[in-house]
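J.: Build the 3D model from these lines:
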Amino acid sequence: MKVNPKKMNDLKENRKKIQNLAISSEFVKAMTSYDLPLEIIEQENKNKNQMLQKLIIENVPKNDQKACSWIINLEIEKSIFSAPSHFKKSEKALVFFQEKDLYVVLIEMKNKIALRDKNIGLDDILRKIEESISRLQVFLPIYLFDIDQRFENTKIKYKALICYNHQRIDSQAQNENDIDLKLYPIFQNKKGNLNIGNLDENKVFFHFLQNTPNNLTTMSINLSEIFRNDTNENFMTWETNLSCI
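T.: Predicted structure coming up:
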């Protein structure tokens, strides 16, 4: 099918306008070496003692000259990019390329997690991931990246990092009604795949990562170790010569 050149130029111009708006509104931020390690603040827990307030992510893919990783603020408020009020959303999404794969890492911070308790239960966590992905599926392919041969046949791979201080799941799991939750067996193993919806492309690899008791307000994780344990990939081989959005 032949593409109308004028329509293609219009599409590119509109995409660029939306990209600039996403950056200026701080919905999307291109990460450089100066922005790393990445720090994420849980605003609800800010200045609360013994509550998880800050997550530090080490070894995010980087390049000294160009940005090759992007952070998306899914909780942005009072913006054209804000989610509807009834939507659940994770704190952030970290996005980067590795060859023909676009990795989307959803980040959820919890001081405490439980089986079914409101806002901290496994179903609530799953809903946050599902609804965050549904939003990103619109923004990522249409708005955030230019038409480029390097991006042809790109596969999107999702990961979810559930970072927490405490858990009440083990003490609450009393019977089959409690352990029929989709995320429960993954929590038991601390990691695993789960299909979101009916499409195989929506498979999400979950990690449940518990903080050490030494410092409950700050948690540090090493992204390269997490990926290496999952896929035997080395960050040194990851694509770093991509155009910044």
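J.: Point me to the residue sitting closest to the centre of this structure.
T.: When Cα atoms, centre = their mean is applied to the chain, the residue found nearest the centroid is residue 106 (1.8 Å).
J.: wait, it sits on residue 131?
T.: No. Counting by Cβ atoms under 8 Å, residue 106 stays clear of residue 131, with 10.5 Å between them. The C-beta positions use only the backbone N, C-alpha and C, and glycine is treated the same way.
J.: for the chain, what spans make up the helices?
T.: 5-24, 122-139, 169-172, 184-189, 223-231 (DSSP state H).
J.: most tightly surrounded among those?
T.: Among the helices of the chain, ranked by average contacts under mean count of other Cβ atoms under 10 Å, first place goes to helix 122-139 (a mean of 19).
J.: Do a quick rundown of the strands in this protein.
T.: 28-31, 38-41, 54-58, 69-73, 92-98, 101-113, 155-167, 191-195, 203-210, 218-222 (DSSP state E).
J.: Looking at the ones you listed, spot the one closest to residue 229.
T.: Ranking these by proximity to residue 229 (Cβ to Cβ) places strand 191-195 first, at 8.4 Å.
J.: pLDDT averaged over that closest one - what is it?
T.: Strand 191-195 shows a mean pLDDT of 92.
J.: So that it lines up with my notes, have the first residue be 776 from now on.
T.: Understood, numbering begins at 776; the last thing we discussed is strand 966-970.
J.: could the helices of the chain go into CSV alongside distance to residue 831?
T.: Formatted as CSV, these follow (distance: least, Cβ to Cβ, whole Å):
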stretch, distance to residue 831
helix 780-799, 24
helix 897-914, 21
helix 944-947, 25
helix 959-964, 23
helix 998-1006, 11
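J.: Which one of the ones you listed lies nearest to residue 984?
T.: That would be helix 998-1006 among the helices of the chain, by Cβ to Cβ, at 8.1 Å.
J.: Specify the angle between that closest one and strand 867-873 in degrees.
T.: Angle of helix 998-1006 versus strand 867-873, following axes from the mean of the first three to the mean of the last three Cα atoms, to 10 degrees, is 70 degrees.
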